[in-house]
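*Asks:* give me a 3D structure for the following:
(one chain, ligands or ions: 1)
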Amino acid sequence: MSIQQYQTTKQGGPFALVTAPVPNPGAKEVTIRPRAVALNGIDWKNIKFGATIRSWPAVLGIDAAGTVESVGEGVTAFKPGDEVLSYARGIQGSGAFQDIFTVSENVVAKKPAALSFEEAASLPACFLAAGAAITVGLKVALPGLSEGGNPGGNPPQSILVLGGSSAVGAAAIQLLRMALPSAVIVATSSKAHHAHLQSLGATACLERAAQQDSAALKAAAPGGAGFDAVLDAVGAGAEAPDVYDAFRADGPKLYSLVLTRPDAKLPDGLQATLVGSQDMLNVEPNAMAYLAKLVGEGKYKLPVKIEVVGKGFQAVEKGLERFPFGVSGTKLVVTL
Ligand SMILES: NC(=O)c1ccc[n+]([C@@H]2O[C@H](COP(=O)([O-])OP(=O)(O)OC[C@H]3O[C@@H](n4cnc5c(N)ncnc54)[C@H](OP(=O)(O)O)[C@@H]3O)[C@@H](O)[C@H]2O)c1
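*Replies:* Prediction:
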């Protein structure tokens, strides 16, 4: 018995469809047959720069939805045939772009019935990164999640979300609104996405150009005094250092930066934290089940619309080629 893996043969490509043995799950692991995968910036950055891949060939892909193929010893939450969504190991080179992939059970959740496989595949990585940016970076607890956050602290009451129309940014806006119902949440994005971001919970939106103008950013905060916190979903500060001056002078100056590049630097003089999806799983092992619950209860929407770029592994390459040109307010998805 064998499977097909869509391998990236080396940095820069090309891809090759390679036959491999059917994987067997270890203890507390699950194997999944993906029916849809989402494409992420990290997949493209790995092909282009080898960002996180230490040896080639590699199987990329960090977001998927499909059916459970088999379960390892000690797995009780899933059984073969269950429809699930999963965060996959593409960052380590053993990801979702293959007929069957293996993951730990804690990165898997049952697929909410109302979602298609394509919609479900768009959810995990951006939710986990946004969750980490909020609970670890801003020290804000998410309602119903016991471990993340800092219940003893004073949560920020004004937050600037940079890159609001990215999947991570739009995920963060809805989670922040859930956690801090009365906070002022201002997001930057291109104008086309402002209405959507406000529907997710943003109080107001600014054009992306405002990131180059600290006075314009500060003016959008309550009383024009600057923000308590900045959640940088896209690494905007690297090219627009004015964002580091968007803070309230006597506030906590929390700056939560999602890791978008290997040379990411944290600015001085702020309470700055660098976060990634894995941090959310580290502080809250039930994060994926929490995501599925929120979606099932209608409390969490697809952060950005999906665009199905094609069917079959070859469509992965076609979709990834679009990343250098910018993908705006959309998650690219491939049906398998
Ligand atoms: N470390 C981790 O674990 C982890 C996990 C997930 C994602 N990430 C990283 O986080 C970033 C966001 O991921 P994603 O999937 O959410 O990306 P995405 O949806 O593909 O991001 C595209 C969006 O980002 C916006 N954008 C891009 N650069 C911007 C800038 N300088 N300022 C403001 N907006 C900007 C664009 O906005 P407009 O078109 O509206 O201008 C566009 O809508 C990526 O770099 C990704 O690699 C890291």
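
*Asks:* name the nearest residue to the residue nearest in space to the middle of the chain, sequence neighbours excluded.
*Replies:* The centroid of the chain falls nearest to Cys126 when counting by CA atoms, centre = their mean (1.5 Å). Nearest non-adjacent residue to Cys126, counting by CB to CB, 6 or more residues apart in numbering: Ala167, 3.6 Å away. C-beta: built from backbone N, CA, C; applies to glycine.

*Asks:* repeat that for Asp43.
*Replies:* The shortest distance from Asp43 to any non-neighbouring residue, by CB to CB, 6+ apart, is to Leu60 (4.5 Å).

*Asks:* look up phi and psi at the one you found.
*Replies:* phi -90, psi -170 (degrees, to the nearest 10).

*Asks:* so for it, what's the pLDDT?
*Replies:* What the model reports as pLDDT for Leu60 is 98.

*Asks:* how many neighbouring residues does it have?
*Replies:* Around Leu60 there are 30 other residues, counting by other CB atoms under 10 Å.

*Asks:* hmm, it is touching Asn46, no?
*Replies:* Yes. With contact defined as CB atoms under 8 Å, Leu60 reaches Asn46; the gap is 5.7 Å.

*Asks:* what do the two both touch?
*Replies:* 8, 53, 90 (CB atoms under 8 Å, 6 or more residues apart in numbering).

*Asks:* between those residues, which is closest to the ligand?
*Replies:* Using CB to the nearest ligand atom, Gly90 comes nearest to the ligand of the shared contacts of Leu60 and Asn46, at 10.8 Å.

*Asks:* so how far is Thr8 from that closest one?
*Replies:* 10 Å (CB to CB, to the nearest Å).

*Asks:* next, show the common contact partners of the two.
*Replies:* 46, 59-60.

*Asks:* any idea of the pLDDT on Ser166?
*Replies:* So, for Ser166, pLDDT stands at 98.

*Asks:* neighbours of it, how many?
*Replies:* Neighbours of Ser166 (other CB under 10 Å): 28.

*Asks:* contacts only, for it.
*Replies:* 126, 233-234, 304.

*Asks:* for Ile173, same thing?
*Replies:* 161, 164, 185, 187, 197, 200-202, 303.

*Asks:* what helix or strand is it on?
*Replies:* helix 167-179 (DSSP states H and E).

*Asks:* likewise Glu307?
*Replies:* strand 305-311.

*Asks:* the stretch 201-336 of the chain: helices as residue ranges?
*Replies:* Taking DSSP state H, counting those that start in this stretch, the helices of the stretch 201-336 of the chain run over residues 214-219, 277-283, 287-296, 314-320.

*Asks:* quick one: the longest one to helix 167-179, angle?
*Replies:* Compare the direction of helix 287-296 with that of helix 167-179 by axes from the mean of the first three to the mean of the last three CA atoms, to 10 degrees and you get 70 degrees.

*Asks:* name the residues of helix 287-296 that come out as buried.
*Replies:* Buried residues in helix 287-296, counted by 16 or more other CB atoms under 10 Å: 287-288, 290-296.

*Asks:* any chance of the helices of the stretch 201-336 of the chain in JSON lines, with mean pLDDT and distance to the ligand too?
*Replies:* Below are the helices of the stretch 201-336 of the chain laid out as JSON lines (pLDDT from 0 to 100; distance: least, CB to the nearest ligand atom, whole Å):
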{"stretch": "helix 214-219", "mean pLDDT": "97", "distance to the ligand": "12"}
{"stretch": "helix 277-283", "mean pLDDT": "96", "distance to the ligand": "4"}
{"stretch": "helix 287-296", "mean pLDDT": "97", "distance to the ligand": "13"}
{"stretch": "helix 314-320", "mean pLDDT": "97", "distance to the ligand": "11"}
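
*Asks:* distance to Gly269 added to the ones you listed, as CSV?
*Replies:* Formatted as CSV, the helices of the stretch 201-336 of the chain follow (distance: least, CB to CB, whole Å):
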stretch, distance to Gly269
helix 214-219, 14
helix 277-283, 23
helix 287-296, 31
helix 314-320, 38
